[in-house]
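>>> Got a predicted model here, sequence first, then my questions.
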Amino acid sequence: MKTKIITSTQKRKLPILLALAMFLAASSAEATILINANEVGNDVVFSLSGSFNTASASDSGIVSPAPGPGEIEPNTPLLKFSTSGAAGSVIIWTLPNISGPSAFGSGSFLPADSGASNSNLEFSPFIKGGGTLNLYTSYVSGTSLSDVMTFSGQSFSSLGITPGSYVWSWPNGSVSDNLTLQIGPSYSAQVQQPINADRSSVFNVHRGVVPVKFTLTQGGVATCALPPATIALTRTDGGTIGAIDEYVYSGSADTGSNFRIDSCQYVYNLSTGALGPGTYRVDISIGGSVVGSGTFGLK
């Protein structure tokens, strides 16, 4: 076995190479900005955490925001935490190729009653042909974000916001980032019979209809307060792999891709006549986010 000798020149290069590797790893890492909204007593509190990778966006200049305790505009959508109003205190970061839900409720503009003014974060995903994220000028990429704003004497319903998970993402070459808004405790849907949770269900391709049923938990607790939900179907094996158009499997008992609510569960009569043999995954989404799935086969 030969021993590899490292020359003095190579030794001098090692710290440089290590620093470069660490820089590239940091630049390509995906961060996550998280905003949680919860009903706390008689108030609704929005809290900010996570971090932002500035390499996922482009610096579009410095602005002086109007002071205020924060605001939301669910139907736009817009999320803005408290700002101090200090001159030249905020950088506008332009978010390329952004995608995500177009709203997180039906409510319109409403200012918060109080805010901490730590981050000056303002998120507008769909303006000027793209999206923007404003942050205080001294923010260092990848460091922790923290902020809070409170809407006193309000509820999710009075604010016009819909509980659920909302995710916006913006890939920029090899770098990507995202922002998640979680309104209320997270939802999780559990598939019910006749589709087995262990993915073992196989039905006759000529069956005609497979009833798709889900129950729901919120924050780990079963609930019958079921928000609107939609279905999506994907063929995962056999035939052409990929998403199946709604018109192929929707029937007269259902309205488009919308689940019905019956006896504390979601129900959808999925028509199988035009699907053909294969393996299929059915997803249930609330507020644009998948909260559960089930798998079955047709033969």
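Everything's here; your move.
>>> all strands for the stretch 51-200 of the chain, in order.
Per DSSP state E, counting those that start in this stretch, the stretch 51-200 of the chain carries strands over the ranges 58-63, 68-73, 78-83, 90-95, 110-111, 114-115, 122-127, 130-136, 147-151, 164-172, 175-183, 187-192.
>>> which is the next helix or strand following the worst-scoring helix or strand of the chain on mean pLDDT?
Every helix and strand of the chain was ranked by mean pLDDT, DSSP states H and E. The lowest is helix 8-28, at a mean of 43. Once the chain leaves helix 8-28, the next helix or strand it forms, by DSSP states H and E, is strand 31-40.
>>> List the buried residues in that following strand.
For strand 31-40, a neighbour-count test (16 or more other Cβ atoms under 10 Å) marks 31, 33, 35-39 as buried. (Each C-beta comes from the backbone N, C-alpha and C, glycine too.)
>>> Repeat that for stretch 142-154.
Residues 145, 147-151, 154 are the ones in stretch 142-154 that count as buried (16+ other Cβ under 10 Å).
>>> What of stretch 84-101?
Going by neighbour count (16+ other Cβ under 10 Å), the buried part of stretch 84-101 is 84, 89-95, 98, 100-101.
>>> Domain-wise, how is this structure divided?
29-183, 187-298 (automatic domain parsing).
>>> ranking the ones you listed by mean pLDDT, which is last?
Mean pLDDT across those is lowest at domain 29-183; the value there is a mean of 90.
>>> how far out from the middle of the chain is that domain?
Counting by Cα atoms, centre = their mean, to the nearest Å, domain 29-183 is centred 13 Å from the centre of its parent chain.
>>> returning to what we had before: what's the most buried one of the domains of the chain?
Ranked by mean neighbour count, the domains of the chain are led by domain 29-183 with a mean of 18 (mean count of other Cβ atoms under 10 Å).
>>> so can I have CSV of the buried residues of stretch 142-154 showing distance to residue 77?
As requested, the buried residues of stretch 142-154 are arranged in CSV below (distance: Cβ to Cβ, whole Å):
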residue, distance to residue 77
145, 19
147, 17
148, 19
149, 15
150, 19
151, 16
154, 17
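>>> Of those, just say which sits nearest to residue 45.
Closest approach between the buried residues of stretch 142-154 and residue 45, by Cβ to Cβ: residue 150, at 5.1 Å.
>>> could you list every residue that touches the closest one?
Applying Cβ atoms under 8 Å, 6 or more residues apart in numbering, we find residue 150 in contact with 43-46, 112-115.
>>> Closest to the centroid, which residue in the protein?
Centroid-nearest residue in the chain, with Cα atoms, centre = their mean: residue 167, separated by 1.8 Å.
>>> For that residue, list each beta-bridge partner.
residue 180 (DSSP bridges).
>>> ok, so what distance separates residue 204 from residue 253?
Distance of residue 204 to residue 253, computed by Cβ to Cβ, to the nearest Å: 20 Å.
>>> From residue 290, how far out is residue 196?
Taken as Cβ to Cβ, the span from residue 196 to residue 290 is 19 Å.
>>> Three-state assignment for residue 276, please.
Counting by DSSP: H, G, I helix; E, B strand; the rest coil, the backbone at residue 276 sits in coil.
>>> That one and residue 299 touch, don't they?
No. Counting by Cβ atoms under 8 Å, residue 276 stays clear of residue 299, with 10.0 Å between them.
>>> Please identify every residue contacting each of the two.
Jointly contacting residue 276 and residue 299 under the rule Cβ under 8 Å, 6+ apart are residue 205.
>>> thinking again about what came up before, just give me the closest of the contacts of residue 150 to residue 160.
Using Cβ to Cβ, residue 44 is the member of the contacts of residue 150 that sits closest to residue 160, with 11.1 Å.
>>> Okay, and the beta partners of the closest one?
Beta bridges link residue 44 to residue 39, residue 151, judged by DSSP bridges.
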